[in-house]
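>>> model the structure of this input:
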Amino acid sequence: MDTIKNLALTFIAIVVGLMLLMTPEPQQKESPDRVPALVNQGQTIKFEQDQPVLIERYQITKMDVIATPEQTVDSPPALYPELEQIALTENLPATEALLDLQSMLSNLDPVIRLAAIESLGGMTSQYNLPTLSAALNDPVPQLRIAALEALALQENASVVSSIEPYLFDQDREVKVAAINALADLEFEAAVHSLAGLLTDQDSLIRRHTVYALGEIGGEYAMMYLLQARNDPDATIRTNAEAILAELEYKAAY
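Residues are numbered from 1 along each chain as shown. Below is the predicted model:
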């Protein structure tokens, strides 16, 4: 009898054990810190300290954020609002426009200074001559050239003395611009200064000088052109001969 009880208890224990083994364990919930953060629902993205954010120069510049009151949402931003201000000076009285343009000549951006110089060149007024003469001191050669061209447009004999020093500028193109400016003005007062370039080592400078002397003409110009007939450059000798012949023809008739 005891043997049967023991067998029955053993059987029950085995059945209970099997039931316990077959019962699934409760699933653990994922920890909140393991849920990936959503970045597309207006949440702020935080960058780690070892991931610096770099903005390239071509991505954002001051030109991209400048806007003028006249612009609409659809219109592109103005790259240089100062250029609009310079353009508006054309409708102002000469004295008022001159004040605005003078202030632009001290701008750190050479683009603005160049636009101001060109606008001054379009104003044939004796009041802007000192301003243009001061612009000849600009450190950028291109702007010195622009100032020389602007002075030539004034057709005023008083600008010759301002241009003459730049016949000997360190920049070759500035020298050529000074020669051409005096050629455009055609004032005989510039002949003697130009003659000093007939011995320049650069044949291009000598060629432009011969042309300028021919444009100015007169007794002294012809005298210097006679010397240019002995230039080591064959082209310059030929040009000097042709210009002399033309000047002699004009003088005779």
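>>> quick one: buried residues of stretch 123-133?
Met123, Asn128, Leu129, Thr131, Leu132, Ser133 (16 or more other Cβ atoms under 10 Å). The C-beta positions use only the backbone N, C-alpha and C, and glycine is treated the same way.
>>> oops, could you answer that again for stretch 234-252 instead?
Across stretch 234-252, burial judged by 16+ other Cβ under 10 Å covers Ile236, Asn239, Ala240, Ile243, Leu244, Leu247.
>>> could you pick out which of those are located in helices?
With DSSP state H as the criterion, helices contain Ile236, Asn239, Ala240, Ile243, Leu244, Leu247 from among these.
>>> tell me where the chain has helices.
2-22, 62-65, 81-88, 94-104, 110-121, 129-135, 141-152, 160-163, 172-185, 191-195, 203-216, 219-228, 234-252.
>>> ok, Asp100 touching Glu84?
No. Asp100 is beyond contact range of Glu84, at 11.8 Å (criterion: Cβ atoms under 8 Å).
>>> who's more crowded, the two?
Asp100 (16 against 11; other Cβ atoms under 10 Å).
>>> mind listing what Ile145 touches?
Glu173, Val174, Ala177 (Cβ atoms under 8 Å, 6 or more residues apart in numbering).
>>> got the domain ranges for this protein?
In the assignment given by automatic domain parsing, the structural domains of the chain cover 76-185, 186-253.
>>> worst mean pLDDT among the ones you listed?
The minimum mean pLDDT among the domains of the chain belongs to domain 76-185 (a mean of 90).
>>> just the closest of the buried residues of stretch 234-252 to Arg229, please.
Proximity to Arg229 was ranked across the buried residues of stretch 234-252 by Cβ to Cβ; first place goes to Ala240, at 4.9 Å.
>>> can I get the buried residues of stretch 234-252 in a markdown table including distance to Ile112?
Compiled in a markdown table, the buried residues of stretch 234-252 are given as follows (distance: Cβ to Cβ, whole Å):
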| residue | distance to Ile112 |
| --- | --- |
| Ile236 | 40 |
| Asn239 | 40 |
| Ala240 | 42 |
| Ile243 | 41 |
| Leu244 | 45 |
| Leu247 | 43 |
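>>> for Leu182, state which of the residues you listed is nearest.
Ile243 (15.5 Å).
>>> any idea how far Thr235 is from that closest one?
The gap separating Ile243 from Thr235 is 12 Å, by Cβ to Cβ, to the nearest Å.
>>> ditto for Tyr127
Going from Tyr127 to Thr235 by Cβ to Cβ gives 42 Å.
>>> and for Gly196?
Per Cβ to Cβ, Gly196 is found 20 Å from Thr235.
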